[in-house]
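Enquirer: Curious how this folds, go ahead:
(chains A and B)
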Amino acid sequence: MEPFEGVDFYDIESLLTEEEIMIRDMVRDWVDEEVLPKKNMPVSKEFFLMNGASHLVKWEY
Amino acid sequence: MGVLGAPLKGYGCPGLSYVAYGLICQELERGDSGLRSFASVQGSLAMYPIWDFGTEEQKNYYLPKMASGEWVGCFGLTEPDYGSNPGDMITRAEDKGDHYLLNGAKMWITNGTIAQVAVVWAKLDGVIRGFIVEKDDEGFTAPEMKGKHSLKASVTSELVFQDCKIPKDRILPGVKGLRGPFSCLNNARFGISWGALGAAMACFHSAKTYALSRIQFDHPIASYQLVQNKLAWMLREITKGQLLAYHLGKKKDDGTWFPEQISLAKMNNVDIALEIARVSRDIHGANGVLDEYPVMRHMANLESVKTYEGTHDIHNLILGRYITGIQAFTRNA
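Expert: Below is the predicted model:
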């Protein structure tokens, strides 16, 4: 699928601060890189067994 | 990423705007509602009550660990027999002089089994109070609930308290009654009003991409009027939902909001997201049920999101009471 570039028909981005846009993009990139490539969202007890947010995702295939 | 407890200030918390918190929820839920649920529970339901109603010692001890994600938190309000009606909860705390004794059970608790910290609401002398329970407290267990067809990416648990001993310094002193848990839920519901849009955007994006590439009768199905009608409807509802969520976020940031506004946004945005997921599945045809596409997963997740954090119907009753001045929750009043 083509990359997700947001849905913003009414240009809400123009109302956001630079910091808000940066945070949104950071989370968006993380979801694109770390979450969505692992399709088949898991039934996994280990999913959130983590030590710190950087280990938030531990998918099962 | 340092985004847990986003809008909270101090004690190692990020101190971001409510709009930023909403955007975080939106982007996480574009991935999966289970991810956003994790963030909602950690930030709005577990960290927030400690931040707002806790002692300085409690804030300094728990919040930095929870903001970093080192400790996971959960929130115990719903019980097996008390969902929409938490005021009649059975879970009780007794003052035993040098400690509290907690008895009862909570159900449908996101993160329960993996949490180091549980913020549990229980009646002490008939008044609802918040207690901080730790994983290893005597008499506390948190078995995982099995068999969900929804939110498969998050852990859901029971919390069981059998003569659970809680040290005296783990009561939240700053709040009594339902205002405590409802304050937390207001923040979580606000996040959901953004999060649901993320799931809707994922379903819209997938439907658009699929419709442009799927050829039937020699042309992409995106070129047919019935499909365009569905896509136009999705964009229309997402755009309205975004304006609701953004405006509510600004009102959260400047403190001019009231709870009924959150009910309307949560209810509306989850409702349209669920319907967008269903219509998106329709556009995907049989492919829509495959895990190759995100739509069926979002749809199954949103069934839960419609029910948790105040059911769709309860939010209607909150608005009904706001409009008429007459509560319609119970016939006992």
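Enquirer: give me the element the residue in the stretch 51-200 of chain B that chain A sits nearest to is part of.
Expert: As assessed by Cβ to the nearest Cβ, chain A sits closest to residue B:69 within the stretch 51-200 of chain B, at 3.7 Å. Backbone N, C-alpha and C define where each C-beta goes, glycine included. When elements are assigned from DSSP states H and E, residue B:69 belongs to no helix and no strand.
Enquirer: Residue numbers of the stretch 51-200 of chain B in contact with chain A?
Expert: Residues of the stretch 51-200 of chain B lying close to chain A by Cβ under 8 Å from any Cβ of the partner chain are B:68, B:69, B:70, B:72, B:111, B:113, B:114, B:144, B:152, B:153, B:154, B:155.
Enquirer: Not counting sequence-adjacent ones, nearest residue to residue B:192?
Expert: Closest residue in space to residue B:192, ignoring its immediate chain neighbours: residue B:266 at 5.2 Å, by Cβ to Cβ, 6 or more residues apart in numbering or on different chains.
Enquirer: just checking, the one you found touches residue B:308?
Expert: No. Under the criterion of Cβ atoms under 8 Å, residue B:266 makes no contact with residue B:308, lying 10.2 Å away.
Enquirer: okay, the two: which has more neighbours?
Expert: residue B:266 (31 against 21; other Cβ atoms under 10 Å in any protein chain shown).
Enquirer: okay, and the helix or strand of chain B with the least pLDDT?
Expert: helix B:33-40 (a mean of 94; mean pLDDT, DSSP states H and E).
Enquirer: hey, C-alpha coordinates of the following helix or strand past that one in CSV?
Expert: On the C-terminal side of helix B:33-40, the closest following helix or strand by DSSP H and E is helix B:48-53. Output in CSV follows, covering the C-alpha atoms of helix B:48-53 (Å, rounded to 0.1, in the frame of the first residue of the first chain):
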residue,chain,number,x,y,z
TYR,B,48,-3.3,11.0,35.9
PRO,B,49,-5.1,10.1,39.2
ILE,B,50,-1.7,9.8,41.0
TRP,B,51,-0.7,13.2,39.4
ASP,B,52,-3.9,14.9,40.4
PHE,B,53,-5.0,13.2,43.6
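Enquirer: Contacts made by helix B:48-53 with the rest, please.
Expert: Where contact means Cβ atoms under 8 Å, 6 or more residues apart in numbering or on different chains, the residues beyond helix B:48-53 that reach it are B:5, B:8, B:11, B:13, B:58-59, B:62-63, B:66, B:75, B:119, B:130, B:132, B:172-175, B:180-181, B:183-184, B:187.
Enquirer: Buried ones from the residues you listed, can you make that a PyMOL selection?
Expert: Listed next is the PyMOL selection for buried residues among the contacts of helix B:48-53, using 16 or more other Cβ atoms under 10 Å in any protein chain shown:
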select buried, chain B and resi 5+8+11+13+58+59+62+63+66+75+119+130+132+172+175+180+181+183+184+187
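Enquirer: Among the contacts of helix B:48-53, name the ones in strands.
Expert: B:75, B:119, B:130, B:132 (DSSP state E).
Enquirer: could you dump those to CSV with pLDDT?
Expert: Below are these laid out as CSV (pLDDT from 0 to 100):
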residue, pLDDT
B:75, 97
B:119, 98
B:130, 98
B:132, 98
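Enquirer: any low-confidence regions in chain A?
Expert: Applying pLDDT under 70 to chain A picks out residues A:1, A:38-61.
Enquirer: So which residues of the chain form helices?
Expert: Picking chain A for this. Assigned by DSSP state H, chain A shows helices spanning A:18-30.
Enquirer: could you do chain B instead?
Expert: For chain B, the helices defined by DSSP H occupy B:18-31, B:33-40, B:48-53, B:56-67, B:179-213, B:225-254, B:259-283, B:295-307, B:312-324.
Enquirer: and of the ones you listed, who's closest to residue B:330?
Expert: Closest to residue B:330 of the helices of chain B is helix B:312-324 (Cβ to Cβ; 9.8 Å).
Enquirer: Name the residues of the closest one that are buried.
Expert: Using 16+ other Cβ under 10 Å as the test for burial, helix B:312-324 gives B:312, B:314, B:315, B:317, B:318.
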